[in-house]
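1. 3D, please:
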Amino acid sequence: MKPPKLSTRLTGAWLNMVVAGAVALLLWLILHAGKTVEMARGVPVAGSVTNTGNSNAGLLGEMISFHHPLSVLILQILVIIIASRLLGWLMSLINQPTVIGEILAGILLGPSLLGLYLPETSTFLFPVASLGNLQFLSQIGLILFMFIIGMELDAGILRQNARAAVFISNSSIVVPFVMGAGLAYFLFDRFAPEGAHFVAFALFMGIAMSITAFPVLARIVQERGISRSPLGITAITCAAVNDITAWGILAVVVAIANAGAIGGALLTIALSMLYIVLMLFLIKPLLHRVALKYTVKETISKTVVALVLSIMLISAYITEVIGIHALFGAFMAGVIIPDNARFKHIMAEKIEDVSLVLLLPLFFVYTGLRTQIGLLAEPSLWLTALVVISVAVAGKFAGSALATRITGQSWKDSLLIGALMNTRGLIELVALNIGYDIGVLSPEIFTILVLMALATTMMTGPAISLIQYLFGFSDKEKSSAGLMRVLIAFGPPEAGGRLTNLAIHLFGRRKNGFRLTALHLTPNTEISIKNAKIFEEKAFVKVSEVSSATGLDVKRVYRTAGNVSQEIIKMANRGRFDLLVVGSSRPLLSQDETGGKARYFFDNVHCDVGLFIDRGTAAFQRILLLAESEDEVYLQELAASFGPAVVFETHCLLSPSNTEFEIKKPIFKPFPEFSGSNTTTGYDLIITTLACYKHQREARSGWVDGDASILLISRRQSR
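-> Next comes the predicted model:
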């Protein structure tokens, strides 16, 4: 189709101007006529009021309203999201869960910091009149979050590991619960609110000590890459059982606290049992039929989503009305969602981002506004906080570790289970806010328990690292000193398959043995367990295909990470690997494959590093080892670790300035007339050093951009 002529375009422009002018004229006539009607009704003419010196300022003030409830709420959400994400990112840099940063963001935006040093800013951001809106929105976020937590519970894992997990989990609840209730006896007089009953206070102190944060524990297990290990499975199962048991106990405690009298408590518990029976035997079968019918994303309409959300809201409403809190109903609604992986995954996708990113941070700030560290103004109060933290750690850590040891686990695994179960995080804050709302916890003990939740969650990562350091490597790891250990780190599944094929071809048939570890990292530490499993299965599809075709086992390691490059370096340095192989990728502002992330690996990894420049080679039949000087003869040492079936040639490039260069170890044959193009034709893989590749690229040698794939080796000793 030809473009319109210039005359045609000018005609169209004039027509548009004429139409616009006609419309403007008609509007003016209508508005002018409307003034007559306005004057007949006695309406004052706009602009007839006498102007004063402050008229413009007053008009501007009327037009721009900083204190309108909606503008205040939007500003609050914006500030909260930025602060939460920023502090969460900072915490991830020091290997702490992002939830720690979100909790800290809430405390820092509250009276403990912002309100203390910038009271006017705090009042502007969080006026008292706006806290009601913030509370209700945060409760909606919590309801959605508890629904997701319920969906994350895997009934299959619970059934497979129920016997040992139930014993460990119950021990990890009973021991700290009793210790917390005993501690309440000494704290009641000073810290219980006026009118609170000792039974409710003691039970709440017990439940505060015995909670484990299932989502935080699950993310720590994922980040450590042990989600499929016996230790990781046991920890996740124990945390899941702990979650169910703790929420059941919490529902009973809330019922007792709200009812006051034993008769009312028994009625609430009876209604709760009836509610659970209806959910399990009436609503769950209905949802099971829905899940069987709708298993593809395109078939799940808004009506299906509305049905599921309606069940969640009705469940939350019922539990709130009968006196055991709406959050328990949301959690229960998530639990009864059928074990259909696709259905759960799709539903979680539709809810997670809004609830976790937009609404849930509001809860952290609302909790932070209630947390007044300034109330702990006396040394005795800080001593009380230290005692509370010590009792919480001793009860949870010791109870879990000893129970795990009784089931036959090693001391190392028992202590690791204890450290993992000691994390409390968000779930603890949820329980504490419930206790605060129903008048069981005073502001002072609420603040102390928030600090306890923060401290026990922060110590989980360092405690795990300390235990692993003290116990060192297992006997199996120590006895494998003769192995060639290779780590490949990849992103897309296809890259994983090609790197696996390369490593197995080069080292797969070694006489002294070969161990290949494939590492895939998801650059997101906040995904659920079910989503992590789906991502892991997809990531290792090609690796599994190559492994099955060659008959060689590949150890798969899947983790979530805030910083992928740092996590690869940690894995390579801690795992006693001989070689790390990564795929090449050109930086955004450069054409050099050896810069950017590759340079970061070369500078920080303590073993040899291989950078694979893939040119789509399917099989490595002809391999060339290419050195530039005698300083690079370590390529021959690398070749000595190849499998016996690998056929390769070795050559040394002599630069024009070194024509009389003599090779002291004549294992590399020099190219007599190296042209840089045709000499390397026909090779499938060229293995060379990083220095040689850079020099040849500067010299514009043909093989650098040729058809052969290239493996660049950077030796640890030469860096």
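
2. Relative to Ser544, how far out is Val174?
-> Distance of Val174 to Ser544, computed by CB to CB, to the nearest Å: 43 Å. All C-beta spots, glycine's among them, are computed from the backbone N, C-alpha and C.

3. Likewise for Pro215?
-> Distance, Pro215 to Ser544, by CB to CB: 29 Å.

4. Neighbour count for those two, which is higher?
-> More neighbours surround Pro215 than the other of Pro215 and Ser544, with 23 against 17 (other CB atoms under 10 Å).

5. Looks like the more buried one contacts Glu428 (just checking).
-> No - distance between Pro215 and Glu428: 11.7 Å, which falls outside the contact criterion (CB atoms under 8 Å).

6. residues near Ile438, how many?
-> Ile438 has 17 neighbouring residues, counting by other CB under 10 Å.

7. Name the nearest residue to it, sequence neighbours excluded.
-> Here the nearest residue to Ile438 in space, its sequence neighbours aside, is Ala257; by CB to CB, 6 or more residues apart in numbering that works out to 5.3 Å.

8. residues touching the one you found, list them.
-> When contacts are counted by CB atoms under 8 Å, 6 or more residues apart in numbering, Ala257 touches 197, 200, 203-204, 435, 438-440.

9. Widest-spaced pair of the residues you listed?
-> Leu203 and Gly439 (13.8 Å; CB to CB).

10. So those two - more neighbours on which side?
-> With other CB under 10 Å as the criterion, Leu203 and Gly439 differ in neighbour count, and Leu203 comes out ahead with 24 against 15.

11. what's the helix or strand for that one?
-> Leu203 is part of helix 198-210 when elements are defined by DSSP states H and E.

12. Give the rounded mean pLDDT of the very next helix or strand once past that helix.
-> Tracing the chain C-terminally past helix 198-210 and defining elements by DSSP H and E, one meets helix 214-224 next. Across helix 214-224, pLDDT averages out at 79.

13. Stretch 82-96 too?
-> When pLDDT is averaged along stretch 82-96, the result is 86.

14. same question, stretch 389-401
-> The average of the pLDDT scores along stretch 389-401 is 93.

15. what does it contact?
-> Outside stretch 389-401, the residues within contact range by CB under 8 Å, 6+ apart are 168, 171-180, 183, 208-210, 212, 238, 414-415, 417-422, 424, 451-452, 455-456, 459.

16. Provide a PyMOL selection command restricted to the buried entries of those residues.
-> Written as a PyMOL command, the selection of buried residues from these, which uses 16 or more other CB atoms under 10 Å, is:
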select buried, resi 168+171+172+173+174+175+176+177+179+180+183+208+209+210+212+238+414+415+417+418+419+420+421+422+424+451+452+455+456+459
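
17. Buried ones in the lengthiest strand in the chain, by neighbour count?
-> If you go by DSSP state E, the chain has its longest strand at strand 514-522. If you call a residue buried by 16+ other CB under 10 Å, then strand 514-522 has these buried ones: 514-522.

18. do stretch 602-615 as well
-> By 16+ other CB under 10 Å, the buried positions in stretch 602-615 come out as 602, 604-605, 607-613.

19. Check stretch 184-195 too.
-> Buried residues in stretch 184-195, defined by neighbour count with 16+ other CB under 10 Å: 184, 187-188, 191-193.

20. Would you format these as a markdown table with distance to Ile140, secondary structure and pLDDT included?
-> Below are the buried residues of stretch 184-195 laid out as a markdown table (distance: CB to CB, whole Å; DSSP: H, G, I helix; E, B strand; the rest coil; pLDDT from 0 to 100):
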| residue | distance to Ile140 | secondary structure | pLDDT |
| --- | --- | --- | --- |
| Ala184 | 32 | helix | 95 |
| Leu187 | 33 | helix | 94 |
| Phe188 | 34 | helix | 93 |
| Phe191 | 31 | helix | 92 |
| Ala192 | 30 | coil | 91 |
| Pro193 | 27 | coil | 90 |
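
21. For Arg559, give me phi and psi.
-> Here the main-chain torsion angles of Arg559 (degrees, to the nearest 10) amount to phi -140, psi 160.

22. quick check: mean pLDDT across the helix or strand harbouring the residue nearest to Ile438?
-> Following DSSP H and E, one finds Ala257 within helix 230-259. pLDDT averaged over helix 230-259 equals 81, rounded to a whole number.

23. How about stretch 686-706?
-> pLDDT averaged over stretch 686-706 gives 81.

24. same deal with stretch 556-564?
-> In this model, stretch 556-564 has an average pLDDT of 85.

25. can you list the residues that contact it?
-> Taking contacts as CB under 8 Å, 6+ apart, the residues outside stretch 556-564 that touch it are 89, 92-93, 98, 219, 222-225, 227-228, 517-527, 532, 535-536, 539-540, 543, 567, 571.

26. Let's have the buried residues of strand 514-522 in CSV, adding distance to Leu142.
-> Written out in CSV, the entries for the buried residues of strand 514-522 read as follows (distance: CB to CB, whole Å):
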residue, distance to Leu142
Phe514, 51
Arg515, 46
Leu516, 45
Thr517, 40
Ala518, 39
Leu519, 35
His520, 33
Leu521, 30
Thr522, 26
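
27. Out of these, which is nearest to Ile148?
-> Within the set of the buried residues of strand 514-522, Thr522 lies nearest Ile148; the separation is 17.8 Å, counting by CB to CB.
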